[in-house]
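Trainee: Need a 3D model of the following:
(one chain, ligands or ions: 1)
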Amino acid sequence: MKVLIGPETDDLDVLYAAPRRPWLRVNMISTVDGAATGDTGKSGSINNAVDKQVFHLLRAQSDVIVVGAGTARIEGYGPAIRPLVVVSRRDMVPDGLRDAPPGSVSVEPLGDPVAFKASLVERGWTNILCEGGPTLLRDLLAAGVVDELCATTVPRLIGGEHLRITHGPPVDVPLDLHTLIESDGTLLARWLVSPDSEPLASS
Ligand SMILES: NC(=O)c1ccc[n+]([C@@H]2O[C@H](COP(=O)([O-])OP(=O)(O)OC[C@H]3O[C@@H](n4cnc5c(N)ncnc54)[C@H](OP(=O)(O)O)[C@@H]3O)[C@@H](O)[C@H]2O)c1
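Mentor: The predicted structure follows:
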């Protein structure tokens with residue numbers, strides 16, 4: 001593992017430390033040609049060992065995990081090491097979460113993303129990790145509530161028809177590269193949403 005941009009340490013806990021709280025980051029993975037899923041239709045078909053390492057580290061650093069209902073359904077989410085907030089318009093509890101311990105999972109509408117983020121913070125969850133998916137990420141970006149995108153790029157080209165890491169109407173979000181780590185050709189980047197980034201008037 002080599003840090004190309006960022007502090008000279010191989011301590012991932014330091015490399016991924018949130019700079020302040022509240023902090024909302026989204027963790028996503030794609031191939032070099034931009035596919036967010038592989039042949040199984042899940043991100044599990046494109047991820048690898050170092051991505052899994054960061055995935056679990058970010059979970060451990062977080063206070064709460066937010067995920068779109070589509071991702072929770074398709075990826076077969078079960079209870080996690082942190083409280084899980086599943087974002088859904090249809091208020092549907094994904095199958096794998098039906099028997100989750102009381103209080104460990106809630107299904108909530110996004111509503112106003114600014115108010116949604118504030119409600120997480122009010123519950124004491126100031127280090128917020130969102131694991132996508134592409135539709136939810138796009139809506140959070142449009143509302144200007146994302147502080148950071150952790151983007152893993154795996155050294156593969158897969159062609160075909162696949163989602164990208166954002167899906168939905170256009171957004172235009174400038175990013176600043178904060179950290180770039182290389183591990184066996186996999187690039188692990190921390191992109192900070194530029195402070196000059198303006199939310200869309202209507203998202
Ligand atoms: N490469 C990666 O890093 C990565 C990460 C995550 C997921 N994925 C892949 O992405 C695919 C799923 O994509 P997706 O875009 O459908 O995922 P998604 O954003 O997780 O799911 C969409 C669903 O989430 C809910 N949702 C999203 N935005 C919402 C909003 N603004 N308000 C209320 N509810 C909202 C809705 O659920 P209801 O239908 O219940 O209302 C919507 O149908 C899967 O193949 C998954 O494997 C890839």
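Trainee: make it CA atoms for all contacts and neighbour counts henceforth
Mentor: OK.
Trainee: Could you point out which residue ranges in the chain have low pLDDT?
Mentor: 201-203 (pLDDT under 70).
Trainee: mind running it again at 90?
Mentor: 41-44, 92, 194-203 (pLDDT under 90).
Trainee: got the residues of it near the ligand?
Mentor: By CA under 6 Å from any ligand atom, the residues of the chain that approach the ligand are 28-30, 36-37, 41-43, 67-71, 74-75, 87-92, 109-110, 131-136, 139, 165, 167.
Trainee: who's in contact with Asn27?
Mentor: Asn27 sits next to Phe55, Leu129, Cys130, Glu131, Gly132, Leu149, Cys150, Ala151, Thr152 when contact means CA atoms under 8 Å, 6 or more residues apart in numbering.
Trainee: Narrow these to those in strands?
Mentor: If you go by DSSP state E, these have Leu129, Cys130, Leu149, Cys150, Ala151, Thr152 in strands.
Trainee: And the contacts of Asn27, which is closest to Val173?
Mentor: Nearest to Val173 out of the contacts of Asn27 is Leu149 (CA to CA; 10.9 Å).
Trainee: Spit out the contact partners of the closest residue in space to Asp196 that isn't next to it in sequence.
Mentor: Take Asp196 and drop its neighbours on the chain: the residue closest to it by CA to CA, 6 or more residues apart in numbering is Pro174, 7.9 Å away. Listed by CA under 8 Å, 6+ apart, the contact set of Pro174 reads Val193, Ser194, Asp196, Ser197.
Trainee: in a helix, that's where Asn141 is, yeah?
Mentor: That one is not Asn; residue 141 is Leu. Yes: with DSSP: H, G, I helix; E, B strand; the rest coil as the criterion, Leu141 is part of a helix.
Trainee: Would you pull up how far the helix or strand hosting Ile29 lies from the middle of the chain?
Mentor: Assigned by DSSP states H and E, Ile29 belongs to strand 23-31. Relative to its chain's centre, strand 23-31 lies at 3 Å (CA atoms, centre = their mean, to the nearest Å).
Trainee: So in that sheet, which strands flank it, and in what orientation?
Mentor: With DSSP bridges as the test, strand 23-31 is paired with strand 127-130 (parallel), strand 148-154 (parallel).
Trainee: Show residues contacting the longest helix belonging to the chain.
Mentor: Identified as the longest helix of the chain according to DSSP state H is helix 49-61. Helix 49-61 is contacted from outside by 12-13, 16-17, 27, 29, 65, 81-82, 127, 129, 152, 183, 186, 188, using CA under 8 Å, 6+ apart.
Trainee: same thing but at 10 Å, please
Mentor: Under the contact criterion CA atoms under 10 Å, 6 or more residues apart in numbering, helix 49-61 has outside partners 1, 12-13, 16-18, 25-29, 44, 47, 62, 65, 80-82, 127-131, 150-154, 182-184, 186-188.
Trainee: in that helix, what's buried?
Mentor: Buried residues in helix 49-61, counted by 16 or more other CA atoms under 10 Å: Val50, Asp51, Val54, Phe55, Leu58, Arg59, Ala60, Gln61.
Trainee: Good, wrapping up.
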